[in-house]
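Asker: please find the sequence and the predicted model below.
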Amino acid sequence: MDTPKRDIAFTKMQAAGNDFVLIDNRSKSFTKDELISLAPNICDRKFGVGSDGILALFPPEYDKVDYTMFYRNPDGSNAGMCGNGARCIALFAYSIGFDKQHRFNVHDNVYEANIQDSDSVIISFPMEAFVIEKDIDGETLYAIHTGTEHTVKEITEAKLQHEDELVTEGKKVRYHEHFEPKGTNVNFICGTDSTNLKLQTYERGVEDLTLACGTGAIASALVWHHLQDNNTSARKYSVETKGGTLSVHFSFDRKTNTYSNIKLEGPAHFVFKGTFLQ
């Protein structure tokens, strides 16, 4: 019988069905390398807790933030920014004493959290974004960076239900030589009207469809605005995922075709707390 090396306290959270194992690491019990090594085991849905990624709340790395958010995919790879994970860690931070409005960093970028309640956690993104049209194997795809790499493809609502086909196509685009070496997340969208759309996302690092993707929802909303020749005056889009509905707020500069003042709004919920025996 194997003797556990370490008892790891964790909190399981989910945001629109995108689920995470969250570790309070203010005491720096874990190094980043240790968390990267831990991710495949604790995120495993058969032999671990099971999640779309691992989150850790570190002490602040900069004077201007309240804490640092550390995130890794289930395979331990660097996902860049995770919008749904950000909403979860913001709500967790509030539950342990941080203000409803606070700031945190992911890598070198500083984000602002505004917690209304568990059904409305808003993250402000400190970036400008723009849509790039790309011809990939004879098809037009749309690349955009929303804290991490995303590619968007418009499809019919009927095709949005064929998940096996989406996984196959998502994997093909994710590993396409055009996006090497990092690869890309792949979003399949279907607009229902000028400011509403449906989304399925194949996530890099998860290597499957997830119930929701926050940065993918942002990418999809901005691309849907772009596909309408930027002619809608609305600056709030509703993105329906299998796990729930997310809202994307933004500003658009017609002269530079640049998006800014980007905010992601949606739910975040606690699921359970436990101890993982490593």
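Answerer: Thanks, I have the structure now.
Asker: need the distance between the two termini of stretch 89-101.
Answerer: Across its full length, stretch 89-101 reaches 13 Å between end residues, using C-alpha to C-alpha, to the nearest Å.
Asker: can you give the contact residues for that stretch?
Answerer: Counting by C-beta atoms under 8 Å, 6 or more residues apart in numbering, stretch 89-101 makes contact with 11, 13, 22, 24, 55, 57, 66-67, 69, 102, 104, 112-115, 118, 121, 123, 268-270, all of which sit outside it. The C-beta positions use only the backbone N, C-alpha and C, and glycine is treated the same way.
Asker: tell me the gap between it and the middle of its chain.
Answerer: The chain centroid and the centroid of stretch 89-101 are separated by 19 Å, computed with C-alpha atoms, centre = their mean, to the nearest Å.
Asker: list the buried ones in it?
Answerer: Neighbour-count burial for stretch 89-101, counted by 16 or more other C-beta atoms under 10 Å, picks out 89-94, 98.
Asker: take these and keep only those in helices.
Answerer: When DSSP state H defines the helices, the subset of those inside them is 89-94.
Asker: ok, and what's touching stretch 181-191?
Answerer: Stretch 181-191 has contacts (C-beta under 8 Å, 6+ apart) with 143, 148-157, 159-160, 166, 169-170, 173-176, 197-204, 213, 215-216, 219-220, 223-224, 227.
Asker: just the CA atoms of that stretch, as CSV, please.
Answerer: Listed next in CSV are the C-alpha coordinates belonging to stretch 181-191 (Å, rounded to 0.1, in the frame of the first residue of the first chain):
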residue,chain,number,x,y,z
PRO,A,181,4.5,26.2,-31.9
LYS,A,182,1.9,27.1,-29.3
GLY,A,183,-1.2,26.0,-31.2
THR,A,184,-4.6,27.6,-30.7
ASN,A,185,-7.9,27.2,-29.0
VAL,A,186,-10.7,26.7,-31.5
ASN,A,187,-14.1,28.2,-31.3
PHE,A,188,-17.1,27.2,-33.3
ILE,A,189,-19.9,29.9,-33.4
CYS,A,190,-23.4,30.4,-34.7
GLY,A,191,-25.0,33.8,-34.4
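Asker: returning to what we had before: between the ones in helices among the buried residues of stretch 89-101, which is nearest Thr275?
Answerer: Nearest to Thr275, judged by C-beta to C-beta, of those is Phe92 at 16.9 Å.
Asker: could you measure from that closest one over to Phe104?
Answerer: 11 Å (C-beta to C-beta, to the nearest Å).
Asker: can you check Thr210 too?
Answerer: With the distance defined as C-beta to C-beta, Thr210 ends up 22 Å from Phe104.
Asker: which one of the two has more residues nearby?
Answerer: Shown here are Thr210 and Phe104; by other C-beta atoms under 10 Å, Phe104 has more neighbours (25 against 22).
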